[in-house]
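> from the sequence below, what's the structure:
(chains A, B and C)
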Amino acid sequence: MIDLQRDGDVYVLRFDEGENRFSPGFLGAVEEALDTVAESDGPGALVTVGTGKFYSNGLDLEWLGANQDRFEEYLKRVHGMFARVLELPMPTFAAVNGHAFAGGAMLALCHDTVVMRTDRGYFCLPEVDLGMSFTPGMNALLKERLPRATAHEAMLTGRRYTAEQAREAGIVQRTAAEDEVLPAAVELAAASAGRGGGTVARIRADLYRPVLDALHGPALP
Amino acid sequence: MIDLQRDGDVYVLRFDEGENRFSPGFLGAVEEALDTVAESDGPGALVTVGTGKFYSNGLDLEWLGANQDRFEEYLKRVHGMFARVLELPMPTFAAVNGHAFAGGAMLALCHDTVVMRTDRGYFCLPEVDLGMSFTPGMNALLKERLPRATAHEAMLTGRRYTAEQAREAGIVQRTAAEDEVLPAAVELAAASAGRGGGTVARIRADLYRPVLDALHGPALP
Amino acid sequence: MIDLQRDGDVYVLRFDEGENRFSPGFLGAVEEALDTVAESDGPGALVTVGTGKFYSNGLDLEWLGANQDRFEEYLKRVHGMFARVLELPMPTFAAVNGHAFAGGAMLALCHDTVVMRTDRGYFCLPEVDLGMSFTPGMNALLKERLPRATAHEAMLTGRRYTAEQAREAGIVQRTAAEDEVLPAAVELAAASAGRGGGTVARIRADLYRPVLDALHGPALP
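Next comes the predicted model:
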């Protein structure tokens, strides 16, 4: 489901469960992997990547449908995963190998740098067309991590961005062909691993303080 | 003075009083039209447009000069109009057919998308050259709706932006020739009307919460 | 160390002490010069410029090393200088003639407009590689004055931006060859001096209220 490998200073966390939706099992495996990564001392960098056509499609709506009484608790756990990535004491890279939808798109935005596959796959926040609004934590994350005009368009129209469109809109920083997405992210990660440590974590947490406060706060309005 | 038409799912609200300054009569007519639009249920979208050379020149300084004791009450009403547009439960489009100055420029920015006429007309915040500062509500709106560098330049230099310059600066999303401005806005509106409803209103209100709080708060510092 | 000249409506404040680090003597001279400039009434504009290879390299780490017990008091004084520039009642221009590093880069960002030399010199926030984080005031300044993606990259990677890269990233507004940097800034200043006065100060202070609050607040978290 989740595979964590270390190659020199670079951790590669691979999501490998189809659409990579945030099932409780998926969340548990990611939490465990992030614990391992966060304990790392000194140089280090993290790359996350999906498999096949999907980076991640976000919330596990099927599980939620069967566990509606646990909605808030579940959201808190998702918020916690977002916060953990934002708080990691090292540079972080999302290798977006395929679709990054909804919560999966937000997870990508929790990384310092996003490299997105060019020939296939969309970045999309489909919530508006599903009749869903964003939690306070998600709203804060999107608002602070995207250029204003992009946050407005992405959140209010549900536009599907190709890699090139996502780069123009300031959503992703790099694009690459399918088989170059992960290598490009790993290469960037290796080059930045010397910056791993508490300083990066402090600067990032200060810069995104309102986001972290919202993610650690109530999951629902 | 104000003309509200419905064409399928698209409401077209035309301002038709010369410079379209916010006189009490103008404000009353707009409030009534927005009431009608807001009551609409299900699919829907709004386009606002002016007439001739003007989209709107904003505050009615002549009326204000004769009614200085009603300044705060008047500003609250203008703020209320801005907030009403921001809170509409449907996609909104400003067809900027001519000058959008001061409060008129801000009214345009309350819409999701601005289409601006290319051959004539400016977007301009002339307040700095009139010795006027911005109310807390206007300051919040401009700060949150414009890219940072554009807010700084527009508010502190009073630059007049042509349509092309306004698009480059991230003020408007589309440009069109004079006779294409309204048709382009209506076409976009019709294509987005399926997104009308409470979800759009909730997402937009969450995204612009600090702006709405400022617009609903004290009109003066 | 500091030279203040007036040419028509334009004040030119030249930093002329090597790397132009913020020694107590440097800060005192700048404070005095800014007092003079701020007392100016009516039309006016300010240009700051360094000498030779340096605009400013920021904090005087050598002096700080010998005066560690005065760290907080020293930071408050630096914050005060940043706030003074942000609060000046006239348009302000930084003629970045050479390196603008760390606090020197932040000082440049306190001006309305930055003109940067093309052939030599970098804009750089090296803090992350020095194991330093940013004070609340500095964090707020960088967060509000830079496009989001640029603040993230500049603060978390320590990237050195050439003038062209800084313009693309939205850090500076103009670039010019070495011997044109100061003349270009003075020309812009002269053209904008008519906007000098309290209105500019009020609009700018409202726009950067969170930054000014942070700069006037506790220097350390």
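> okay, buried residues for whichever helix or strand A:Leu64 is part of please.
A:Leu64 is part of helix A:61-66, with elements assigned from DSSP states H and E. The neighbour-count check on helix A:61-66 (16 or more other Cβ atoms under 10 Å in any protein chain shown) flags A:Trp63, A:Leu64 as buried. No exception for glycine: its C-beta is placed from N, CA and C like everyone else's.
> in chain A, what residue is nearest chain B?
Per Cβ to the nearest Cβ, A:Ser133 is where chain A lies closest to chain B, at 4.1 Å.
> which residues touch that residue?
Taking Cβ atoms under 8 Å, 6 or more residues apart in numbering or on different chains, we find A:Ser133 in contact with A:Glu127, B:Thr199, B:Arg202, B:Ile203, B:Asp206.
> how about 10 Å then?
Neighbouring residues of A:Ser133 by Cβ atoms under 10 Å, 6 or more residues apart in numbering or on different chains: A:127, A:139, A:155, A:221, B:198-207.
> how far off centre is stretch A:47-58?
The chain centroid and the centroid of stretch A:47-58 are separated by 10 Å under Cα atoms, centre = their mean, to the nearest Å.
> quick one: average pLDDT of that stretch?
Taken as a whole, stretch A:47-58 has an average pLDDT of 97.
> tell me how far the ends of that stretch are from each other?
For stretch A:47-58, the first and last residues are 18 Å from each other (Cα to Cα, to the nearest Å).
> what do you get for stretch A:202-212?
Using Cα to Cα, the two ends of stretch A:202-212 sit 12 Å apart.
> all strands for chain A, in order.
For chain A, applying DSSP state E gives strands covering A:2-7, A:10-15, A:21-22, A:45-49, A:54-56, A:58-59, A:92-96, A:99-101, A:113-117, A:123-124, A:160-161, A:174-176.
> dump these into JSON lines; add mean neighbour count and distance to chain B as well.
Supplementary listing: the strands of chain A in JSON lines, determined by neighbours: other Cβ atoms under 10 Å in any protein chain shown; distance: least, Cβ to the nearest Cβ, whole Å:
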{"stretch": "strand A:2-7", "mean neighbour count": "14", "distance to chain B": "31"}
{"stretch": "strand A:10-15", "mean neighbour count": "22", "distance to chain B": "27"}
{"stretch": "strand A:21-22", "mean neighbour count": "24", "distance to chain B": "21"}
{"stretch": "strand A:45-49", "mean neighbour count": "27", "distance to chain B": "26"}
{"stretch": "strand A:54-56", "mean neighbour count": "27", "distance to chain B": "21"}
{"stretch": "strand A:58-59", "mean neighbour count": "23", "distance to chain B": "16"}
{"stretch": "strand A:92-96", "mean neighbour count": "30", "distance to chain B": "23"}
{"stretch": "strand A:99-101", "mean neighbour count": "27", "distance to chain B": "16"}
{"stretch": "strand A:113-117", "mean neighbour count": "27", "distance to chain B": "20"}
{"stretch": "strand A:123-124", "mean neighbour count": "24", "distance to chain B": "14"}
{"stretch": "strand A:160-161", "mean neighbour count": "20", "distance to chain B": "14"}
{"stretch": "strand A:174-176", "mean neighbour count": "20", "distance to chain B": "22"}
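> distance to C:Met106 for the ones you listed - can I get that in CSV?
As requested, the strands of chain A are exported to CSV (distance: least, Cβ to Cβ, whole Å):
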stretch, distance to C:Met106
strand A:2-7, 37
strand A:10-15, 32
strand A:21-22, 39
strand A:45-49, 27
strand A:54-56, 36
strand A:58-59, 38
strand A:92-96, 25
strand A:99-101, 34
strand A:113-117, 24
strand A:123-124, 33
strand A:160-161, 33
strand A:174-176, 28
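> for chain A, what lies in contact range of chain B?
Within chain A, the positions near chain B by Cβ under 10 Å from any Cβ of the partner chain are A:125, A:127-136, A:138-140, A:142-143, A:147-149, A:151-153, A:155-158, A:221.
> now, these that are in helices?
A:127-130, A:136, A:138-140, A:142-143, A:148-149, A:151-153, A:155-157 (DSSP state H).
> restrict those to contacts with chain C.
Checking these against chain C (Cβ under 10 Å from any Cβ), the matches are A:Lys143, A:Arg148, A:Ala151.
> looking at those, which is nearest chain C?
Nearest to chain C among these is A:Arg148, at 8.4 Å by Cβ to the nearest Cβ.
> what's near enough to touch the closest one?
By Cβ under 10 Å, 6+ apart, the contact list for A:Arg148 reads A:170, B:143-148, B:150-151, B:170, B:207, C:147-148.
> just the buried ones from the residues of chain A next to chain B, in PyMOL syntax?
Written as a PyMOL command, the selection of buried residues from these, which uses 16+ other Cβ under 10 Å, is:
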select buried, chain A and resi 125+127+128+132+133+134+135+136+138+139+140+142+143+147+148+149+151+152+153+155+156+157+158
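> what residues are up against A:Asp119?
Taking Cβ under 10 Å, 6+ apart as the definition, contacts of A:Asp119 comprise A:Thr162, A:Ala163, A:Thr175, A:Ala176, A:Ala177, A:Glu178.
> quick check: the first one vs A:Thr175, distance?
Going from A:Thr162 to A:Thr175 by Cβ to Cβ, to the nearest Å gives 9 Å.
> between those two, what contacts are shared?
Between them, A:Thr162 and A:Thr175 share these contacting residues under Cβ under 10 Å, 6+ apart: A:Met116, A:Arg117, A:Thr118, A:Asp119.
> so for the second one, what's the nearest residue that isn't a sequence neighbour?
When you say that, I think you mean A:Arg117. The shortest distance from A:Arg117 to any non-neighbouring residue, by Cβ to Cβ, 6 or more residues apart in numbering or on different chains, is to A:Val181 (4.8 Å).
> wait, the one you found touches A:Glu187, no?
No - contact criterion Cβ atoms under 10 Å: A:Val181 and A:Glu187 do not qualify, at 11.1 Å.
> shared neighbours of these two, anything?
With Cβ under 10 Å, 6+ apart as the test, A:Val181 and A:Glu187 both reach A:Val47, A:Val115.
> which one's more surrounded, these two?
A:Val181 (27 against 15; other Cβ atoms under 10 Å in any protein chain shown).
> coming back round to it: show the pLDDT at the residue of chain A closest to chain B.
For A:Ser133, the predicted pLDDT is 96.
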